[in-house]
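*Asks:* Sequence and predicted structure below; questions after.
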Amino acid sequence: MADEPNLNAVELATELTIAWLGNQNNRFTADEVPEFLRKMHATVTELAEGAPTPGESSEGQDQRFTPAVSVRKSLASPDHIISMIDGKPYKTLRRHLSTHGLTPDEYRQRYNLKADSAMVSPNYSEARRAMAKKIGLGSKGRASKAAAGPIAPAAQQPKRRGRAKQA
């Protein structure tokens, strides 16, 4: 197909149908093949005309999104945050948003949330903070400096050159 970039919709649909039916795991009767070819042709034609796919929006960014839950209900529990996309609870929204192709800023903009609205539940955040303190994250630099004490200037402690004297 790479050799023929100007295939028309019928030829392309035929090639795709042949490839699909050639797979031994697909089971079709002879009566189902013409209907499958019609559906394939309709799909290829829609794509060739530039019709939006089901995941795309023809209106772009102007599309209005209806939240699954209210902002108040989303942030009501300290154990989880309820997603405004699907109404399910999550401890952190970052991975959930990435599966929907969103960043936290895009999510906030989509549902008119404040710029500092939470993406992590308060209890989960506190548990992570406590664990980090327990294992000493962030305190190693301060602890090692305090244990070493004040550093003496080089002028007070002259360096000796050569071999050490034997007694």
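*Replies:* Thanks, I have the structure now.

*Asks:* Domain-wise, how is this protein divided?
*Replies:* Taking automatic domain parsing as the criterion, the chain consists of the domains 9-54, 64-122.

*Asks:* Tell me where the chain has strands.
*Replies:* Listed in chain order, the strands of the chain (DSSP state E) span 81-82, 89-90.

*Asks:* could I get these as a markdown table with mean pLDDT, distance to residue 69 and mean neighbour count?
*Replies:* In short, each C-beta sits where N, CA and C put it, glycine included. Listed next are the strands of the chain as a markdown table, based on pLDDT from 0 to 100; distance: least, C-beta to C-beta, whole Å; neighbours: other C-beta atoms under 10 Å:
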| stretch | mean pLDDT | distance to residue 69 | mean neighbour count |
| --- | --- | --- | --- |
| strand 81-82 | 95 | 5 | 22 |
| strand 89-90 | 95 | 10 | 16 |
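
*Asks:* got a list of what the residue nearest the centre of the chain touches?
*Replies:* Nearest to the mean C-alpha position of the chain, by C-alpha atoms, centre = their mean, lies residue 98 at 2.3 Å. Contacts for residue 98 (C-beta atoms under 8 Å, 6 or more residues apart in numbering) come out as none.

*Asks:* just to revisit the earlier point, output the strands of the chain as a markdown table; include the columns distance to residue 164.
*Replies:* What follows is the strands of the chain, written out as a markdown table (distance: least, C-beta to C-beta, whole Å):
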| stretch | distance to residue 164 |
| --- | --- |
| strand 81-82 | 66 |
| strand 89-90 | 65 |
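
*Asks:* returning to what we had before: looking at the domains of the chain, spot the one closest to residue 128.
*Replies:* In terms of C-beta to C-beta, the element of these nearest to residue 128 is domain 64-122, at 8.2 Å.

*Asks:* For the closest one, measure first residue to last.
*Replies:* 29 Å (C-alpha to C-alpha, to the nearest Å).

*Asks:* mean confidence score for the helix ranked longest in the chain?
*Replies:* Secondary structure assigned by DSSP state H gives helix 33-49 as the longest helix of the chain. For helix 33-49, mean pLDDT rounds to 83.

*Asks:* Please point out which parts of that helix sit buried.
*Replies:* By neighbour count with 16 or more other C-beta atoms under 10 Å, helix 33-49 contains the buried residues 36-37, 40-41, 44.
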